[in-house]
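**Q** What follows is a protein structure lacking sequence information:
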């Protein structure tokens, strides 16, 4: 009798490892591209301003008073 349990377990662990590696890769890539910085969502407001014109720079962060 053949035991087909081990190949499926190896395949599952291999699949999980590939998913984890891709998740880590894309997280590191997004950090490198600047999506986690303070200005990471500026493009969203630029797109909205193009579609719905309004007062300029409404959504830009204002400097905080550090007194």
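**A** On my side now, so go ahead. The structure displayed is predicted, hence computed values, not measured ones.

**Q** Pull out the buried residues from stretch 18-31.
**A** Buried residues in stretch 18-31, counted by 16 or more other C-beta atoms under 10 Å: none are found. Where you see a C-beta, it was placed from the backbone N, CA and C, and this is true even at glycine.

**Q** Touching it from outside, list them.
**A** Stretch 18-31 has contacts (C-beta atoms under 8 Å, 6 or more residues apart in numbering) with residue 36.

**Q** As a check, name the ranges of all helices in this protein.
**A** Using DSSP state H, the helices of the chain run over 5-33, 42-51.

**Q** so can I have JSON lines of the ones you listed showing mean pLDDT?
**A** What follows is the helices of the chain, written out as JSON lines (pLDDT from 0 to 100):
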{"stretch": "helix 5-33", "mean pLDDT": "91"}
{"stretch": "helix 42-51", "mean pLDDT": "64"}
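
**Q** quick one: residue 4 from residue 11, how far?
**A** Distance, residue 4 to residue 11, by C-beta to C-beta, to the nearest Å: 11 Å.

**Q** Could you do residue 18 as well?
**A** Taking C-beta to C-beta, one finds residue 18 at 10 Å from residue 11.

**Q** Check the gap between residue 12 and residue 30 for me.
**A** Counting by C-beta to C-beta, the gap from residue 12 to residue 30 is 27 Å.

**Q** meant to ask about residue 38, not that
**A** Distance of residue 38 to residue 30, given as C-beta to C-beta: 15 Å.

**Q** And for residue 5?
**A** 38 Å.

**Q** do residue 7 as well
**A** 35 Å.

**Q** For residue 37, grab the count of nearby residues.
**A** 10 (other C-beta atoms under 10 Å).

**Q** make that residue 7, sorry
**A** Neighbours of residue 7 (other C-beta under 10 Å): 10.

**Q** repeat for the one 10 residues further on
**A** Other residues within reach of residue 17 by the criterion other C-beta under 10 Å amount to 10.

**Q** Residue 40 now?
**A** Residues lying near residue 40 (other C-beta under 10 Å) number 13.

**Q** mind listing what it touches?
**A** residue 34.

**Q** any idea how far it lies from residue 3?
**A** Residue 40 is 50 Å from residue 3, by C-beta to C-beta.
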